[in-house]
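In: Dropping a prediction and its sequence here:
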Amino acid sequence: MILTFSSEIEATDTSRRTISAKIAPYDEIGHTSVGKVIFERGSITWDTPKSVLFLEEHNDKARLGRAQSIEAGSDGWYGVFKLSASSKATDALIEASEGLKTGVSVGVTVIDSKPKNGVLHVLKAELNEVSLVGRPAFAAAQISEVAASEGETAETTETQPNESEAQVEITPEAIAPEAVVETPAVEASRPVVTAAVGYTKPRVAPISSAQYLGASIKAAMGNEDARQTILAADDSTSTNTGLTLPTHLTDFITTTFTGRPAFDAVTRAGAVPQLSFTIPKMGTAPTSAVTAEGGAPSETGMTSTYDTITASKYSSLNRVSFELLDFSNPAFETLLLNEMRKGYEKATDAALIAAFTSAGVQATGVAATAAGLQSFIATESAAAYSGTGGDYARKLVASTDQWAAIQSYADTTGRALYSAQGATFNSSGNASGSSVVGNVLGTDLVIDHNITTAGIIDESAFLVAPSSVYVWESPQTNLRVNVLTSGEVEINMYAYLAIYVSKAGAGVRRYNLA
């Protein structure tokens, strides 16, 4: 299935010949070529940014350029597109900067989808192209910035008088040379060219080392043609640095992690209702017993209590100057917000791991071996089931050091227990260096880079029953405040998170090294 989906342009930069836009949102209904569609988070994939063409109105014959970068942000996919030097691409830049065409539309091949309540939910799609269009699907999105270089402004100013000159020449009165000479506006608009007498090195075909040596000898003997050849052959990147400046790419290299692996091991309970709220829990449960005919039944009154849960606010702030926003790459603010989102993910994931440590039950000590890991899972999964009244500890959240150890575990013959492919006779699960998820003795392995313990030590792994740990989280909010006294902009991102480990922590078992 091929479908197209539109959204608004975020910014255009005519000096760099780029257009930046939010190409598609997450979890938001849009009107496409096949009807109402929602793109699920993570549903759109692509090979490389440069493989995604930038077209006009989905016409493959009207190619304007290609993508420079595509990034998955907090609320959708964002792209920066480099336009070619063609006249058609120049016209597209002008139309975008003047607001004549304000939207972009993605063209994707749908690989997996499901209909729900009259809306097609796209689960997996391959991005083929992005097009400049006149009518986007989202009217709320607006162009945030249009930038033009100083050089282009000067060029436009110079062109206007020349157009006026052409209009004067159309009239019969302006045909006479005297009329043209006497027009001061035309004369003032003509560029002044100053000619200087100097030496220009001739262009010559590449010469061999032997030819260069021969020309050097002849030049030393006074041969002028040989001297010209030597001068021309001396050109290199070291003597022409003004014309061989390094290219500055816009691909952003980052070393920060993204994602919150530990959140895959708990129950998402919804949005934060209040900064402080309560949740009921069982105190004494009713009982039942064998009762003789006419005898009194078992009578145990049910009691209940409650736990108070407090939400925490997680916030980050960056203060940037107006100049940085005005003259930097149009994708700067998108990249900044993306890095702030990564900081939020790291902080909240660390908070959940801290809750595992503080509220979980310390497991029976085991050795840092394959047998020790098997003993930990076997003993503690049974203890979690018993202690919670029937919750299964199905998630094994492990550090990167535990991950490395699991991949190296082998039996007495040296055969790998978890990373051998196709060794079903010897397999206790699977774990590989190319995936941070796997299966260890029936538990779902989740590798979390935010577990900071070094080595196979206490709290380097947690066995978790998802139905025993709850998290409430509000949507992330972005704020922009202009600081007029300093000429800066404060960009703030914040959200609220509440964590609750129920049943006295029996559903979370902390790895313990004997």
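Out: It's in.
In: Going by C-alpha atoms from here, please, whenever you check contacts or count neighbours.
Out: Will do.
In: Could you point out the helix or strand that follows the helix or strand where N478 lies?
Out: For N478, the host element (DSSP states H and E) is strand 477-483. For strand 477-483, the succeeding helix or strand toward the C-terminus, using DSSP H and E, is strand 488-501.
In: Show me what the mean pLDDT comes to for stretch 400-408.
Out: Averaging pLDDT along stretch 400-408 yields 93.
In: and what of stretch 213-225?
Out: Per-residue scores along stretch 213-225 average to 80.
In: in it, what's buried?
Out: 215-216, 218-219 (16 or more other CA atoms under 10 Å).
In: and G390, that's in a helix?
Out: No: applying DSSP: H, G, I helix; E, B strand; the rest coil, one finds G390 to be coil, outside a helix.
In: Name the helix or strand of this structure that has the lowest mean pLDDT.
Out: helix 150-170 (a mean of 37; mean pLDDT, DSSP states H and E).
In: coming back round to it: now the strand holding N478 against strand 488-501, angle please.
Out: With axes from the mean of the first three to the mean of the last three CA atoms, to 10 degrees defining the directions, strand 477-483 sits at 150 degrees from strand 488-501.
In: What pairs with strand 477-483, parallel or antiparallel?
Out: Strand 477-483 sits in its sheet next to strand 488-501 (antiparallel), going by DSSP bridges.
In: Check which residues of the strand it pairs with are buried.
Out: Burial within strand 488-501, assessed by neighbour count using 16+ other CA under 10 Å, is assigned to 488-489, 491-501.
In: Determine which two of those residues are furthest apart.
Out: Among these, the pair separated by the greatest distance (CA to CA) is E488 and V501, at 42.4 Å.
In: Could you export the helix or strand hosting V108 as CSV, CA atoms only?
Out: Assigned by DSSP H and E, V108 belongs to strand 103-116. Output in CSV follows, covering the C-alpha atoms of strand 103-116 (Å, rounded to 0.1, in the frame of the first residue of the first chain):
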residue,chain,number,x,y,z
GLY,A,103,3.5,22.0,3.8
VAL,A,104,5.3,18.8,3.2
SER,A,105,3.9,15.3,2.5
VAL,A,106,5.5,12.0,3.0
GLY,A,107,5.2,9.1,0.6
VAL,A,108,5.5,5.7,2.2
THR,A,109,5.1,2.1,1.4
VAL,A,110,2.9,0.5,4.2
ILE,A,111,4.3,-2.9,5.3
ASP,A,112,2.1,-3.5,8.3
SER,A,113,-1.1,-1.8,9.5
LYS,A,114,-4.4,-2.4,11.3
PRO,A,115,-7.8,-0.6,11.0
LYS,A,116,-9.4,0.6,14.2
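In: where along the stretch 401-514 of the chain do the strands fall?
Out: 429-432, 435-440, 443-447, 461-464, 469-473, 477-483, 488-501, 508-510 (DSSP state E, counting those that start in this stretch).
In: contact partners of the last one?
Out: Going back to what we said before, that points to strand 508-510. 356-357, 359-363, 380, 384, 393, 458-459, 461-465, 468 (CA atoms under 8 Å, 6 or more residues apart in numbering).
In: What's the PyMOL syntax to select whichever of these are buried?
Out: In PyMOL, this line selects whichever of the contacts of strand 508-510 come out buried by 16+ other CA under 10 Å:
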select buried, resi 356+357+359+360+361+362+363+380+384+393+458+459+461+462+463+464+465+468
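In: Report the buried residues of stretch 100-118.
Out: Those would be 101-110, 113, for stretch 100-118 by 16+ other CA under 10 Å.
In: and which of those residues is nearest to M302?
Out: S113 (47.0 Å).
In: Give the closest residue to the closest one in space, chain neighbours not counted.
Out: V122 (4.4 Å; CA to CA, 6 or more residues apart in numbering).
In: So for that neighbour, what's the pLDDT?
Out: Listed pLDDT for V122 reads 89.
In: A331 too?
Out: 77.
In: cool, V464 as well?
Out: 97.
In: Show residues contacting stretch 482-502.
Out: Identification of contacts with stretch 482-502 by CA under 8 Å, 6+ apart yields 272, 309-322, 337, 340-341, 344, 348, 352, 355-356, 359-360, 468-481.
In: Could you do stretch 43-61 as well?
Out: Contacts of stretch 43-61 (CA under 8 Å, 6+ apart): 62-70, 81, 83, 107, 122-133.
In: residue boundaries of the helices in the stretch 201-350 of the chain?
Out: Secondary structure of the stretch 201-350 of the chain (DSSP state H, counting those that start in this stretch): helices at 209-220, 224-233, 322-327, 332-359.
In: out of these, deepest packed?
Out: helix 332-359 (a mean of 19; mean count of other CA atoms under 10 Å).
In: And the next helix or strand past that one?
Out: Next along the chain from helix 332-359, counting by DSSP H and E, comes strand 361-362.
In: name the helices or strands packed onto that next one?
Out: The contact analysis (3 or more CA pairs under 8 Å, 6 or more residues apart in numbering; DSSP states H and E) places strand 361-362 against strand 508-510.
In: Pull up the pairing partners for the strand it packs on, direction included.
Out: With DSSP bridges as the test, strand 508-510 pairs up with strand 361-362 (parallel), strand 461-464 (antiparallel).
In: and the nearest residue to R66 once chain neighbours are set aside, bridged to which residues?
Out: Spatially, and ignoring its direct neighbours in sequence, R66 is nearest to L53 (4.3 Å; CA to CA, 6+ apart). Judged by DSSP bridges, the bridge partners of L53 are R66, E129.
In: ok, now how distant is L53 from D112?
Out: Between L53 and D112 the computed distance is 23 Å (CA to CA, to the nearest Å).
In: what about T413, neighbour count?
Out: For T413, the neighbour count with other CA atoms under 10 Å is 6.
In: so who does N512 touch?
Out: 362-366, 457-459.
In: Swap in 6 Å and give it another go.
Out: Contacts for N512 (CA atoms under 6 Å, 6 or more residues apart in numbering) come out as 363, 365, 458.
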